[in-house]
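Student: predicted model and sequence follow; I will ask about them next.
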Amino acid sequence: MLQAALRRWGVNRGDSVVVYDDWNRAGSSRAWWVLRAAGIADVRILDGGLSAWIAAGHSLMAGSETPPAGDVELSATDLYSGQLPTLTAEQVSNFAGVRVDARAPERYRGEVEPIDPVAGHVPGAVNVPSTATLDEHGFFRNPSELREFFAAAGVHGSVPVGVYCGSGVTAAVDLVALELAGIAGMLFPGSWSQWSSDSANPVATGPDA
């Protein structure tokens, strides 16, 4: 289905793809992850989103576009066994690296949970809110700032890094920020929704140690 959609959008083999959104880079980062996992090598994010495009004086068009059909062929149809590494809940349980929770601090601490029936976080996970990887204008912080930011949370890249959020969307923002910082990261696609739905999985609350 993804390949059919990309062809309908006019994506051809070997194309570079630019994705953008207009809300905290969550949508574009998730699209970046999905397309790269599917095998598209060159996927880029419009930093700052649509707001940055408008602020730079670029034009907009109304209505819809109907490009010529593309011929892209994806190398992976199962994204969770695709071109990017992922983690299962079992692997998260036994993870030897750093677990990163990309949700808002209050959700991480278990003070509020607007989506899932159980509040808290995966024991041992550190909180690196995805919104904190952006500056006040919605641009990703520069690589040196991001390296310092992640290092303050104990993420140096010397050990594997696994990232989750509520449902696997905003975690992609942290994964983009990690890549900008030169640190490899893996997505736990099921994220907190999957983890918290299994009563056998332990749950922690409060700040990290």
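Tutor: All right, it came through fine.
Student: strands of this structure, residue ranges please.
Tutor: For the chain, the strands defined by DSSP state E occupy 17-19, 43-45, 98-101, 126-127, 161-164, 186-187.
Student: what's the closest of those strands to P207?
Tutor: Closest of these to P207 is strand 126-127, at 7.9 Å (criterion: Cβ to Cβ). Every residue, glycine included, has its C-beta placed from N, CA and C.
Student: how about R36, nearest residue that isn't a chain neighbour?
Tutor: Spatial nearest neighbour of R36, excluding adjacent residues (Cβ to Cβ, 6 or more residues apart in numbering): V43 at 5.2 Å.
Student: quick revisit: now the strands of the chain in TSV, with mean neighbour count and mean pLDDT?
Tutor: Listed next are the strands of the chain as TSV, based on neighbours: other Cβ atoms under 10 Å; pLDDT from 0 to 100:
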stretch	mean neighbour count	mean pLDDT
strand 17-19	16	98
strand 43-45	17	98
strand 98-101	25	98
strand 126-127	18	98
strand 161-164	26	98
strand 186-187	24	98
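Student: just send those back as TSV, with distance to A52 too.
Tutor: Shown next, in TSV, are the strands of the chain (distance: least, Cβ to Cβ, whole Å):
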stretch	distance to A52
strand 17-19	12
strand 43-45	11
strand 98-101	26
strand 126-127	27
strand 161-164	25
strand 186-187	25
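Student: of all those, which one is nearest S196?
Tutor: Closest among the strands of the chain, using Cβ to Cβ: strand 161-164, at 10.8 Å.
Student: paired strands for that closest one, with orientation please.
Tutor: Sheet pairing for strand 161-164, assigned by DSSP bridges, gives strand 98-101 (parallel), strand 186-187 (parallel).
Student: distance of the residue nearest to the spatial centre of the chain from D22?
Tutor: When Cα atoms, centre = their mean is applied to the chain, the residue found nearest the centroid is A172 (0.2 Å). Using Cβ to Cβ, to the nearest Å, A172 is found at 16 Å from D22.
Student: any weak-confidence spans in this protein?
Tutor: For the chain, the stretches with pLDDT under 70 are 209.
Student: all helices of it, in order?
Tutor: Ranges of helices within the chain are 2-8, 26-37, 49-55, 89-93, 105-108, 143-152, 171-180, 191-197, based on DSSP state H.
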